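Novice: Test case, fold it:
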Amino acid sequence: MNSEELPRVGLTLRTIGVIRSPFTAAVGTPIQPAYARGAAGEVVVAEPYVEALDDIEGFERVWLIYWMDRVGGFQARVTPYRDTRAHGLLATRAPSRPNPIGLSAVRLLRREGCVLHVADLDILDGTPLLDIKPYVPEFDAHPRSKAGWFEEPGEDRRVADDRFHGGTDSETGGRP
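Specialist: Modelled structure (predicted):
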């Protein structure tokens, strides 16, 4: 199937807020919340959506769904941060996706009105927020699942370099 054969769907996404974090550039930003080690930030929800935060305080973690607005273009094969070999993009968590949608499970510290104070944040400051969902261990944790090539990564990288943000070479996954 080529791209002309795919169904044409008109999508409307609404930004419901913004993510504030200590990370202003990709280089040095943790590559996953598990490596963010307490990095604190705020999720600022826009006024029309504040009432939708009611009852979120009882959750230890929340999923943040966001638009990765500063990544380079789509790359079918990439060398991800945790490996030295190229893989198909959809078998990685590399950010250079056809639709740059990010997903992070962060710790919820507290809510103050329209602001969620969070920790273990791996997101760039000013990132547009698309949605928030509660993390429910019964649904979201599958610790015995197979993890493909992640089970034997070629590199133990925990912070980003510049391979996916700006003019990268798709054949090398952004490596010089």
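Novice: mind showing which ranges of this protein have poor pLDDT?
Specialist: Applying pLDDT under 70 to the chain flags residues 166-176.
Novice: As a check, name the ranges of all helices in it.
Specialist: Counting by DSSP state H, the chain has helices at residues 137-140.
Novice: Which residue comes closest to L103 once chain neighbours are left out?
Specialist: Nearest residue to L103 in three dimensions, chain neighbours excluded: I65, at 5.7 Å (CB to CB, 6 or more residues apart in numbering). In short, each C-beta sits where N, CA and C put it, glycine included.
Novice: tell me the contacts of the one you found?
Specialist: 101-103, 129-133 (CB atoms under 8 Å, 6 or more residues apart in numbering).
Novice: residue nearest the centroid of the chain?
Specialist: The centre of the chain sits closest to G102, judged by CA atoms, centre = their mean, with a distance of 3.2 Å.
Novice: partners of that one in the sheet?
Specialist: Y66 (DSSP bridges).
Novice: That one contacts L124, doesn't it?
Specialist: No: counting by CB atoms under 8 Å, G102 stays clear of L124, with 9.4 Å between them.
Novice: how close does T12 sit to L130?
Specialist: Using CB to CB, to the nearest Å, T12 is found at 11 Å from L130.
Novice: Between these two, tell me which one has more neighbours.
Specialist: Set T12 next to L130 and count neighbours by other CB atoms under 10 Å: L130 wins out with 17 against 4.
Novice: Please name the residues that touch that one.
Specialist: 13-16, 65-67, 101.
Novice: Which among the residues you listed count as buried?
Specialist: Buried members of the contacts of L130, scored by 16 or more other CB atoms under 10 Å, are 16, 66-67.
Novice: Among these, which one lies nearest to S3?
Specialist: W67 (21.3 Å; CB to CB).
Novice: mind checking how far the residue nearest to L103 is from D131?
Specialist: Distance, I65 to D131, by CB to CB: 4 Å.
Novice: Could you do R14 as well?
Specialist: For R14, the distance to D131 - CB to CB - is 9 Å.
Novice: and if you look at H117?
Specialist: 18 Å.
Novice: So what's the residue count around G126?
Specialist: Other residues lying near G126 total 13 when counted by other CB under 10 Å.
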